[in-house]
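> predicted model follows, preceded by the sequence.
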Amino acid sequence: MRPVRASLIPGRSSSIAKRLAWFYTLASSLLLIFASVFLYWVLGVTLEKEDERMLANQIHELKTILQTQHGCAKALEREVTHGNAGMTSFQYHIYSRILDDVGRTLVESPGMEGEIPPLAFPATNSTPYTSLKWRSASGKTYLLAASPADAGGTDRTLRQIQVALDGSLEDALISRYERYLMVVLLIGIVASAVIGIVAARRGMQPLTDITKAIERITASQLHERINAVQWPQELVVLASAFDGMLDRLEDAFNRLSQFSADLAHELRTPINNLRGEAEVAMSRPRGASEYRDILASSLEEYERLSRMTDSLLFLAKADSTQTSPNFLPVDAGKEVAKIINFYEALAADQGVHVLCEGNETVQADPTLFHRAISNLLSNALHYTPRGGKIVFSIQHETNGTIQVVCSDTGIGIAPEHLPRIFDRFYRIDSSRHGHAEGTGLGLSIVKSIMHLHRGDLTVTSVVGEGTSFRLIFSAAT
Ligand code: ADP
């Protein structure tokens, strides 16, 4: 039989490998996006702080010149024209302007006049200074800051310092950073998807291997076990569960094979007998009484075959759960007494005393209960010599169940046979007691009946002393 692939079965959910790959890609993409956004934010904040620091430095520088050099116009001009306080590796451009107390420009950096008008700056009433971002008419972005300052020297009037930082380089840097970030993010997401797919496939490889190992096991290789291979931890449980199933299957398969072989063997004897008798009958012309004798002898074989097929049919039905017991409260004592009554003549003939002790009502299928007890009594009668005794005892157990025990003082069963007497067709050497009509199915049927009743069946026996079969039923509710 060709193995069926899960992907070929309509309506199946996507594979675990695909789900794992998706999950991995999603998780790593989210992490990458988070890291990128965070780094982007950190860069923005750092640059902003750096800009603020540079503007503050420049204001401080100009204030110092105003203070120390008493507003020396030359020194101020030098600073305003060339001073780029707090320069970093980036070529920042800082513009400075100093206004007098009525707002007239005293000195300013070249190129500042038309580009950044004094009114663009924030009001200087707050200390130490205030800053704001501003876009000029030419489209450039500036960070503007203004601060009041003493004119220095004897001049008691106030000055206003205005400084502006050209942010275009920074903007270019940030947009370049954004582009790199996008590329890195894209590559990262694609890479994590590829890694996710490869990792999921590799991770799921043992499942494929275990499937192949299972597929290799056919009916003729039921003895093979897959746990012999070193599987990853997660699959060890699955492998041992599968091996457990193989154990049970192998056992059932062997039993079935044994059963077929036994069945063929059991059928061969009566069929050969019948064929032999027919051949003898046909070998020469015979009288009517001779033919009648031959037919009578054949009839015994037919009866044996019929009993066997009946029993097999019953067991097959019980196995396939076609038999659903019709549970009713059964007066066990009364039922056993009826069966003893039925076998009374045979028992008397064999010189065996049969009796029943105790009485309880069990929850059972009356027909099946009857059949189980009959099989036990029939066996006990066969294996109990003259003068022996067969006792049925019915008792209520402390755990609420009812036990029906069939004890005889018969020939007993050797310990080595006890585990197998419930197997189909298992018979202990029939020559020891001459029970020729036995099919070896009687106890298998009792076992099946007890299984259908979800009860229990046990046996104890001492060779030469007797045998006890113990049946456990549920009490009637
Ligand atoms: P059979 O049709 O041969 O009796 P069973 O399945 O009923 O088949 O029994 C299986 C074997 O168990 C018998 O062949 C017999 O040897 C042994 N056995 C069953 N019941 C008794 C008993 N009461 N005493 C001794 N041996 C028994």
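Arrived safely. Quantities reported herein were computed from a predicted structural model and do not represent experimental measurements. Residues are numbered from 1 along each chain as shown.
> what does the chain put close to the ligand?
Along the chain, the residues adjacent to the ligand under the rule Cβ under 6 Å from any ligand atom are 379-380, 383, 408, 410-411, 413, 421, 426-428, 435, 438-444, 467. C-betas here are computed from N, CA, C, even on glycine.
> what mean pLDDT does stretch 173-181 get?
Throughout stretch 173-181, pLDDT has a mean value of 92.
> buried stuff in that stretch?
Leu181 (16 or more other Cβ atoms under 10 Å).
> stretch 221-234 now?
For stretch 221-234, by 16+ other Cβ under 10 Å, it's 222, 225-227, 231.
> hang on, the earlier thing: so which of the residues of the chain next to the ligand are in strands?
408, 467 (DSSP state E).
> state the distance from Cys356 to the ligand.
Distance, Cys356 to the ligand, by Cβ to the nearest ligand atom, to the nearest Å: 16 Å.
> out of the buried residues of stretch 221-234, show me where the pLDDT dips lowest.
When the buried residues of stretch 221-234 are compared by pLDDT, Asn227 scores lowest at 76.
> which residues touch the nearest residue to that one once chain neighbours are set aside?
Leaving aside its sequence neighbours, Asn227 sits nearest to Ala239 (Cβ to Cβ, 6 or more residues apart in numbering; 4.4 Å). For Ala239, the contacting residues are 210, 226-227, 229, 231, by Cβ atoms under 8 Å, 6 or more residues apart in numbering.
> the residue nearest in space to the middle of the chain: which element?
The centre of the chain sits closest to Leu238, judged by Cα atoms, centre = their mean, with a distance of 9.0 Å. Assessed by DSSP states H and E, Leu238 sits inside helix 233-282.
> and the following helix or strand past that helix, what's buried?
Downstream of helix 233-282, the next assigned helix or strand under DSSP H and E is helix 288-319. Buried residues in helix 288-319, counted by 16+ other Cβ under 10 Å: 294, 298, 301, 304-305, 308, 311-312, 314-315, 318.
> which SS state does the closest residue to Gly333 other than its chain neighbours fall under?
Closest residue to Gly333 apart from its sequence neighbours, by Cβ to Cβ, 6+ apart: Asn359 at 3.0 Å. Here Asn359 is recorded as coil under DSSP: H, G, I helix; E, B strand; the rest coil.
> tell me the pLDDT at Asn359?
93.
> save the contacts of Ala239 as CSV, and put in distance to Leu43 and secondary structure too.
CSV is the format used below for those (distance: Cβ to Cβ, whole Å; DSSP: H, G, I helix; E, B strand; the rest coil):
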residue, distance to Leu43, secondary structure
Ile210, 50, helix
Ile226, 56, helix
Asn227, 56, helix
Val229, 53, coil
Trp231, 49, coil
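> and the strands in the stretch 51-200 of the chain?
Taking DSSP state E, counting those that start in this stretch, the strands of the stretch 51-200 of the chain run over residues 93-99, 105-108, 130-135, 141-150, 158-166.
> list of residues touching the shortest one?
By that I understand strand 105-108. The contact list for strand 105-108 (Cβ under 8 Å, 6+ apart) reads 73, 76-77, 80, 95-100, 113, 118, 159.
> stretch 41-50 too?
Stretch 41-50 is contacted by residues 88, 170, 173-174, 177 when judged by Cβ under 8 Å, 6+ apart.
> returning to what we had before: does the residue nearest to Gly333 really touch Phe392, like I thought?
No - Asn359 sits out of contact with Phe392 when judged by Cβ atoms under 8 Å, with a separation of 10.3 Å.
> more neighbours, those two?
Phe392 (23 against 16; other Cβ atoms under 10 Å).
> assign a three-state SS to that one, would you?
Phe392 - assigned by three-state DSSP - is strand.
> so the closest residue in space to it that isn't next to it in sequence is in which element?
In this structure, Phe392 finds its nearest non-sequential neighbour in Cys356, 4.2 Å apart by Cβ to Cβ, 6+ apart. If you go by DSSP H and E, Cys356 is part of strand 353-357.
> for the helix or strand just after that strand, packing partners?
Following strand 353-357 in sequence order, the next helix or strand is strand 361-364 (DSSP H and E). Applying 3 or more Cβ pairs under 8 Å, 6 or more residues apart in numbering; DSSP states H and E, we find strand 361-364 packed against strand 328-331, helix 332-342, strand 401-408, strand 466-475.
> what mean pLDDT does the strand or helix carrying Arg371 have?
Using DSSP H and E, Arg371 sits in helix 366-383. Helix 366-383 shows a mean pLDDT of 94.
> please point out which parts of it sit buried.
In helix 366-383, counting by 16+ other Cβ under 10 Å, buried: 368-383.
> which residues sit against that helix?
Outside helix 366-383, the residues that touch it by Cβ under 8 Å, 6+ apart are 325-326, 328, 330, 332, 335-336, 338-340, 342-343, 346-347, 350, 352, 354, 362, 390, 392, 404, 406, 408, 410-411, 433, 435, 438, 442-443, 445-446, 449-450, 452-453, 467, 469, 471, 473.
> report the buried members of those residues.
325, 330, 332, 335-336, 339-340, 343, 347, 350, 352, 354, 362, 390, 392, 404, 406, 408, 410-411, 435, 438, 442-443, 445-446, 449-450, 452-453, 467, 469, 471, 473.
> for the strands of the stretch 51-200 of the chain, which has the smallest mean pLDDT value?
Among those, strand 130-135 scores lowest, with a mean of 82.
> partner strands of that strand and their direction?
In the sheet containing strand 130-135, its partner strands are strand 141-150 (antiparallel), by DSSP bridges.
> neighbours around the residue in the stretch 101-250 of the chain that the ligand sits nearest to, how many?
Nearest residue of the stretch 101-250 of the chain to the ligand, counting by Cβ to the nearest ligand atom: Arg248, 23.4 Å away. Neighbour count of Arg248, defined by other Cβ under 10 Å: 10.
> ok, it - contacts?
Under the criterion of Cβ under 8 Å, 6+ apart, Arg248 has no neighbours.
> same check on Asn273?
Glu301.
> and Asp349, by the same measure?
Asp349 neighbours (Cβ under 8 Å, 6+ apart): none.
> any weak-confidence spans in the stretch 1-150 of the chain?
1-14, 70-73, 82-92, 125-129 (pLDDT under 70).
> swap the cut-off to 90 and go again
1-20, 47-48, 50-52, 54-96, 98-115, 118-141, 145-150 (pLDDT under 90).
> how about the helices in it?
Using DSSP state H, counting those that start in this stretch, the helices of the stretch 1-150 of the chain run over residues 16-68, 73-82, 112-115.
> turn those helices into JSON lines, including mean neighbour count.
Shown next, in JSON lines, are the helices of the stretch 1-150 of the chain (neighbours: other Cβ atoms under 10 Å):
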{"stretch": "helix 16-68", "mean neighbour count": "16"}
{"stretch": "helix 73-82", "mean neighbour count": "15"}
{"stretch": "helix 112-115", "mean neighbour count": "14"}
